[in-house]
Every structure is written in C-alpha cells, then in structure tokens.
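Novice: coords below, sequence missing:
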C-alpha cells in the first residue's frame, strides 16, 4: 500500500464551481474528490484532461494537474501525455457531444490502442453548453431547439461503440449513485490500459428527468440490472437469460435462479459484452450497470516504451555524432 | 584502344521514365556516387502523385534531375545537358526543356507504334528528324538487358525490370563515377533475393561495358572535384536533415523527442526517418489523423517532452485549432509544414511556398506564432535546432516552412561537430509556494513550463482566456486586451539574428530578397548577374515571424526590391503591410523551383528599366 495519505479536501481546488444548480456533474465531482485519496497517488502525479462542454469544466475543480482543452480532442492530448509520461495517472473527462460527435474518431482510436487513460463520458443525452440541441445519444424524435419537429438521427449506444472499438474495460454507472460509481472508478483504476466509463448524468435545464426511470425509487429496482462478476445479472424484478446467441430480459418469477446469466466480465469474447450492451434501450426500461468488460491487454504506453527499451538494450543508446556520420561519407582536405 | 576523355566543369542529367521504372532509385545512386568523388551537386526529384499511373502515359512520367560540378553550385540546374528517356512518354514530357545540342539517350525498344500513339506521336521521333538538333543515342536498353540476363532463372518481365541499372551503368561509365558503392548498395538491398541481385549487378555492369565498347559512345567525361571547405561530408536530403536536426535538438535539450504525425506527402519521410532512431529514446506516434497528431505532440510537450508534428499544407489547415490552443497554453510546440502545391489536395508531390500566410494568420483570434524557413536541404538541420530553441525558450508554437523541393532534393553537407551545437537545456518550474502559472519571465515574456509530476505546483490550464499571472479563467475586458497584446509582444520580442545582405560593390540599387527554398535559384541568378557586371544585392529571410530587426533598414536602403516567391506574393504582402515598401513581386506557381534564367530575366528588367 502507498503511504500517501490525502483527503477529499486535498483534491478540492479553490475555483468556484459554475455548473447549474442541480446538475448531475456536482455529484460526479464529489464522488471523484472522495475517491481520489483512495488511489494513494500524489496529487502532482494525477492529470485530468477534458474537451469542451459542461462536463469538461471538471478539471478546474480538482487540485491536481489539469487541462481544459478543445472540443473533442482531449484523448489526443491525453494520449501524448500518457505515452510519454507513463509515471502519470491520466483521466479524460468528456461528454456525449465531445466524445461521440466531434471527437468520435479520437475516442475509438484511443480505445483500440489501449492507451493508459481513464475516460469518463458524462452522458446527458443533450447539448447543454450550447443551450439545448440534440446530441448523438439523444433518442430519435427528440424535440430540441435545433429539431423542433423531432430529431431524425439514430443514436449511438456508447457501450456498444466502445466495445466495437476493442476497448479492454467498459463500464456504466449513474451520477447519483456514489457507491456504485466509486466501485466502478476503483475497478477502472486497477485496469491496465484504457478504461471507458459511461455515466448517466442528468441535465436539469435542457433534458431534466432523462434518467428518472433508473433513479426513481419506484422504478429503479426493476430497471437497473446489476452486473457483478460471478453473480447472476438481475434487477429486483427481472433477470437475464440466454436466448440463442443473444440475451433476453425476463421476469424473475418466470425462471429459476439457475437459468440466469452468470456475469463474466473477463470473458475474452467481446460478443458477450456486446450482447449485454444491446439490452439498454432508449426508454431505459432495463439498463445493465456495472462492468461490461474487463480483459487484460498490454497498454499502448508500455508497448511503446518497451520497444524503445529493447532497442536500446540490444543496440545501445544512440550517439549523435555516429548518426550524423552514418551512410556514405567522404573527406575534403 | 581507349576512348578520349573530355573534362567538363558541370553537367545536368535528367533520368526520366515510367513511375515504375525505378528512376528515383537510379537518380539516388548516381547522386551518391557523384557525391563520393567530391563534386558539388544538387538534385530535383519530380514524380507524380499516383503510385503507378497508367504505364507509358505522360501522367506517369517520373524524373530525377541532378546537377553536379567542379565548383560550388546552388541549384539542380535549369535545362538538362543529358536526358535519359526510358520511353516515348518520358521523351515527350521532357523534350521541350532540352536545349539544342543536348544529349538524349532513349530506350529504343520502347518506341513501338503502340507506345508512340499512346502519347500522341504520329511519327517516330527517333526516325522523323525532329531530334536532329540533339545528340541522339537510341539504345536498345530493354533487349540488351534481357539478353544479358538470359542465363538467369528470370521471366522476361523480371529481367526487364533491371533496365534502369543498365542505364545507370552506362551513365556511370560516361561520367567516370565509381561503381563500388552502388554494387555494395545492391548487394545489401537484394541480400535475400540472390537471383534479383545477380540480375541488377549484371545489368549494371553490362551498361557500363556497353559504354566502354560500343562505338555509339565515343567520348566520356570527367568532372573534377569541387573546391569545398575541408571536412567530412555526406549527401543529405531536406527531410533527412530535418529528422537529424530534431534528434540533435532532443539531445541538446535533454528532452524526450515525441513526434505525433499522420502520413502526408511530402512530409512522411521525416516520420519514416525518425521512426528508425528509437535508440535515441525517440517516440514516433502515427496518429489517427492530423488533429490527433498535433494533439499528442502538445500533450507530450505539456508533460515536458519536445513535442513535434510534421505535415503539409492540408494538414496544417486541420491542425489550426490545436495550434491556437498551443498559443493560449503557451507551451513549446514544433509544427513542420513541408509545403506542396495547393489549395486543397492540390499538387501533392510538387513544391510551392503558398502556406506562408496560413502559417502567419490561419487561426481564429489574434494567434501569433513564430515562423521560420530553411533555405536549402542541409539547412533543415539547423532550422530544426532553431525551432527547438525558440519554442522552448518562449513557450510558443513554431511553424517551420520547408517545401517539397528542399524536402526531396539533396546536396552535400559538411557534417557538423556535435560539440559545436547549441546548448538547448531548459528550465522546468520547480516546487514552490503560491505558484502562478502565468507569471512571466520579464525578459522573454515566457510563462513557466510547469510539468505534471512537480509537487506543489498543481494547476489548471486551458483554452479559455487566462487571467494575467494566476492563469485563472478570466472574461474581464481589460485582462483580455492585456493578454492578447502580451502574447503578441512575446512573439515580436523573439530574438533572431539580423538579416545579412550580400552587396559586394556596396552601391547596388536592386535587392533580390527571398525566403525558403528560392535561395538556391536566386543565389545562382545573382552569381551570373554579377559575373556579367551587374550590381545586385541579395538577402534571404530565414525568420518570417518575427522578422529580423534590421529588415526595415535594409528595405529602405534599396530603392528596388525584387521578391521572388512560388506563390502569388505572400511575403511581398507582408512587407508592404508592415514596412509600407512597394516591393516588386515576381511569382510563379508551376510546382517547380524557379529557373536561374527566369530570375535573371526578371532582374534584368528591373536593373535596366
């Protein structure tokens, strides 16, 4: 164990938090500030890098190193930093527009490379900072400022997308569930390589109540399918069973406990996690939360740095004078 | 009986053929063998963007021009003295640039009715008298090569592929080049393909012997060594020199070299070269796109590495927002733009200088960056060191404007003594109380380079406007005005050397003022003009932002200033705007360097108007 002892207060910066009252970002921030001391890592060795959007103000409020960069590009900056500085712990804070619209390309490539990044996608299914246009995760038919007659786009499923991009760690949590989110953050931090976490986050101004069905005490018991490795996947009333190559939600009453799918987050076959990801429907009647996939794969930074180390070990460190004089040379007297 | 040998002062040879004929390799080898015997030289590769354009068509012609001499030379030569044309398309594409009396060697086997009609020859130029004013040598290159290789277990097609080595062997004989280095090169290149190696060596020697024995070639030529400063030399292209310069900058600064790059012509060779040198701890990251390339470089720079991205004009357009972030974050960042013909995809393999205004102004807001440009191939080495000096000292993005001519062209380079290279070590911010990330150095106006991992100076930066000193977000009007002016003042205050003017008589009225790769052609024109008794001054701008402090004075001194550019007058526009000087713009955008002749003509018009 590390002997670094810090508290939540140590991770709270002096900046005034400027999100709207009631924003889900507050609880994510608070959870993060409470969780960070647990890592046992000095503040100077932690870096938060964000893009643009409401969520991307996050780094300002943490007493670590931080960069609020440009729209969609946080994974690029974070990749350069994480690869060249493997001693640092690097988080990327992004939103559904930032990560999946303008920055979609960087997200998928960071995940396939398995760069040592913890990517937190705050998904509120709306554009907040630009005041209420639909986002790439908004349900089809969404009435917004830019779609008064209803949006026509088919939304992304961020979990399916991350899995398709070869992500080695993929999880989902909810802004208001501090305990669950902390557990997911803990697992993500223990993972080597990219960890992708989708966090359902309520925007009280432009998309209020988007996640009510998984938050209201009346309904959440039924809708939240808890994924715990080695345990049956189920909510209070429903469970998952195999149906051919796919998975299906059934009422617990209609099956015996032994028919339920036992969760295997370490399953090397990504099609299992993909099938899980397809359970979440736009109407959120049944939503798996927890870790979809957590498999071991070398991180990109370790591959890059090992390759360099091996070359230096076998060939010796480079000598500039030798390099400049390489190839055909001749003397002029 | 040995054949007579004629001494020449200089020769320009152009090898031309289909893009699959191996003309670039042939030219490269002739260049290396020429460099090794001590001639001065300059090269101009010229190839199509298509990897294999339709065979035998004008569009598919690839050429390599080499100018070599017994004295110092500045350019790859205007009109070639010798053209080697591997097919009718190569002849047709190049004949209009040949002057009467020049030597033309063609592969006669390729002049079939079908090939001739493919490029619109109605009659065979080898027979219709249209080439009577040239020294024409029709050589059955293909069939001689195939016959020479008949003993080898090769298909006809495979055997034909060695005909470029036959041509190289012939030219090697004609100009008394040594053969050993090329034989060693082939041996290494085809070590795993013994039959192909045999074919290439045999074709090369057969070509050489053909020159020695056939009566068609009655004379061979010698070009004495050029007088060059004493030292150890190698031949180097601009892109290789840039890569070496960046490694040198990393060594001299003790910073890890991080290159984020996305492949793009004509810059990719810098990525290729750097990726070979991991034993220097070099990280080369081939990103998913141009934006990720520069983003990763900026991220690495934030972490204390020497962050570099290499690209060409279209890539700079994509990177512009990230360059703006670099301006706001005030972090070191090096952007190498190997310019090519534009706009849009333009002419990917051809040269141009039309990104100057993009480099200066191609971003939102007031977004000043340093802009510097190498003047010739080997100058890329020192410009890379300068880019590192400026960007790490002033914590500012630096755009280096190379171009296709410099990047692919090569010249002999006196290898510098490593001990003579500048010390580029940097200071990172140290642990301190009440750290202020935007508290500036009073001399350079640079803010601290405060890298993660340093205890006690944790802070947040970003693209939003910063408050002076604290770096907190600030929308305060007076602060923004102050910060905009401060960033501009920082770049304006970058220390750069004064502009050197060459004016031997001291009383010239006309100044040739260039920047970038026009240095060679302008210098060659100036040399000839002076030999002809003309009074003309010359200066070349390496530092485009900020300009040298004495530029104003230089512009005032000369009543007439000619500014040749491979664009429509971008430097001229800057000079007019900044110094109210009505310079004379001389422009061409043909994707090729200026010829010495056209520059002389432009100068004569101004000198004697």
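Specialist: Cool, the structure landed. Small disclaimer: the values here were computed from a predicted structure and weren't measured. Residues are numbered from 1 along each chain as shown, chains lettered A, B, ... in the order given.
Novice: list the residues that contact residue A:332.
Specialist: B:38, B:225, B:228, B:229, B:230, B:231, B:232, B:233, B:414 (Cβ atoms under 8 Å, 6 or more residues apart in numbering or on different chains). Heads up, the C-betas are built off the backbone N, CA and C, glycines and all.
Novice: how about it: what's its closest non-neighbour residue?
Specialist: residue B:228 (4.9 Å; Cβ to Cβ, 6 or more residues apart in numbering or on different chains).
Novice: which of the contacts of residue A:332 has the most neighbours?
Specialist: Sorting the contacts of residue A:332 by how many neighbours each has (other Cβ atoms under 10 Å in any protein chain shown) puts residue B:233 first, at 24 neighbours.
Novice: point out where the stretch 1-150 of chain B drops to low pLDDT.
Specialist: B:1 (pLDDT under 70).
Novice: interface residues of it facing chain A?
Specialist: Within the stretch 1-150 of chain B, the residues that sit near chain A (Cβ under 8 Å from any Cβ of the partner chain) are B:32, B:35, B:36, B:37, B:38.
Novice: number of nearby residues for residue 208?
Specialist: All of this refers to chain A. 13.
Novice: looking at chain B here, not the other one
Specialist: 21.
Novice: what strand or helix carries it?
Specialist: In the assignment (DSSP states H and E), residue B:208 maps to helix B:194-213.
Novice: swap in residue A:121?
Specialist: strand A:118-123.
Novice: that strand: which residues count as buried?
Specialist: Neighbour-count burial for strand A:118-123, with 16 or more other Cβ atoms under 10 Å in any protein chain shown as criterion, is recorded at A:118, A:119, A:120, A:121, A:122, A:123.
Novice: need these in JSON lines (columns: distance to residue B:176 and pLDDT).
Specialist: Listed next are the buried residues of strand A:118-123 as JSON lines, based on distance: Cβ to Cβ, whole Å; pLDDT from 0 to 100:
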{"residue": "A:118", "distance to residue B:176": "66", "pLDDT": "98"}
{"residue": "A:119", "distance to residue B:176": "64", "pLDDT": "98"}
{"residue": "A:120", "distance to residue B:176": "69", "pLDDT": "98"}
{"residue": "A:121", "distance to residue B:176": "68", "pLDDT": "98"}
{"residue": "A:122", "distance to residue B:176": "73", "pLDDT": "98"}
{"residue": "A:123", "distance to residue B:176": "73", "pLDDT": "97"}
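Novice: report pLDDT for the residue of the stretch 351-500 of chain B found nearest chain A.
Specialist: Nearest residue of the stretch 351-500 of chain B to chain A (Cβ to the nearest Cβ) works out as residue B:462 at 2.9 Å. For residue B:462, the pLDDT comes out at 97.
Novice: for the residue nearest to it when sequence neighbours are not counted, give me phi and psi.
Specialist: With Cβ to Cβ, 6+ apart as the criterion, residue B:462 has its nearest non-adjacent residue at 2.9 Å, and that residue is residue A:68. When read as degrees, to the nearest 10, the backbone of residue A:68 gives phi -100, psi 100.
Novice: how about residue B:47?
Specialist: phi -140, psi 160.
Novice: low-scoring stretches of the chain, by residue?
Specialist: I'll assume chain A. Using pLDDT under 70, chain A drops low at A:1-2, A:281.
Novice: if you could check chain B rather than the one you did, that'd help
Specialist: Using pLDDT under 70, chain B drops low at B:1.
Novice: circling back to that earlier point, what's next to the helix or strand following the helix holding residue B:208, contact-wise?
Specialist: Under the assignment DSSP H and E, the closest C-terminal helix or strand after helix B:194-213 is strand B:220-223. Strand B:220-223 has contacts (Cβ under 8 Å, 6+ apart) with B:3-11, B:39, B:68-70, B:173-176, B:211.
Novice: contact residues of the stretch 351-500 of chain B facing chain A?
Specialist: Contact residues, the stretch 351-500 of chain B versus chain A (Cβ under 8 Å from any Cβ): B:414-416, B:418, B:452-464, B:472-473.
Novice: contacting residues around residue 59?
Specialist: Defaulting to chain A. A:48, A:49, A:50, A:66, A:67, A:68, A:93, B:460, B:462.
Novice: wrong one, chain B
Specialist: Contacts of residue B:59 (Cβ under 8 Å, 6+ apart): B:48, B:50, B:53.
Novice: swap in residue B:54?
Specialist: Contacts of residue B:54 (Cβ under 8 Å, 6+ apart): residue B:60.
Novice: distance of it relative to chain A?
Specialist: With the distance defined as Cβ to the nearest Cβ, to the nearest Å, residue B:54 ends up 34 Å from chain A.
Novice: wait, is that residue part of a strand?
Specialist: No. Counting by DSSP: H, G, I helix; E, B strand; the rest coil, residue B:54 is not part of a strand but coil.
Novice: about what we covered before: next, format the buried residues of strand A:118-123 as CSV and append distance to chain B.
Specialist: Output for these, formatted as CSV (distance: Cβ to the nearest Cβ, whole Å):
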residue, distance to chain B
A:118, 15
A:119, 14
A:120, 17
A:121, 18
A:122, 17
A:123, 22
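Novice: first residue to last residue on stretch B:109-125, what's the distance there?
Specialist: Using Cα to Cα, to the nearest Å, the end-to-end distance of stretch B:109-125 comes to 13 Å.
Novice: and the contacts of it?
Specialist: With contacts defined as Cβ under 8 Å, 6+ apart, stretch B:109-125 is touched by B:56-58, B:86-89, B:91-92, B:95, B:126, B:130-131, B:138, B:140-143.
Novice: which residues of chain A fall in strands?
Specialist: Here chain A has its strands, by DSSP state E, at A:46-50, A:65-68, A:89-95, A:118-123, A:169-174, A:195-200, A:224-227, A:238-243, A:246-251, A:287-294, A:329-332.
Novice: need the winner for burial among the ones you listed.
Specialist: strand A:89-95 (a mean of 29; mean count of other Cβ atoms under 10 Å in any protein chain shown).
Novice: check whether that one contacts chain B.
Specialist: No. Using Cβ under 8 Å from any Cβ, strand A:89-95 stays clear of chain B, coming no nearer than 8.7 Å.
Novice: that strand: how far from the chain's middle?
Specialist: How far strand A:89-95 lies from its chain's middle: 8 Å, per Cα atoms, centre = their mean, to the nearest Å.
Novice: ok, it: who's next to it in the sheet?
Specialist: strand A:46-50 (parallel), strand A:118-123 (parallel) (DSSP bridges).
Novice: could you check how far the last one is from the centre of its chain?
Specialist: Between the centre of strand A:118-123 and the centre of its chain there are 4 Å (Cα atoms, centre = their mean).
Novice: for the first one, same thing?
Specialist: Once both centres are worked out by Cα atoms, centre = their mean, strand A:46-50 turns out to sit 13 Å from its chain's centre.
Novice: ditto for stretch A:309-317
Specialist: 36 Å.
Novice: now what about it, what contacts it?
Specialist: Outside stretch A:309-317, the residues that reach it (Cβ under 8 Å, 6+ apart) are B:278, B:279, B:280, B:281.
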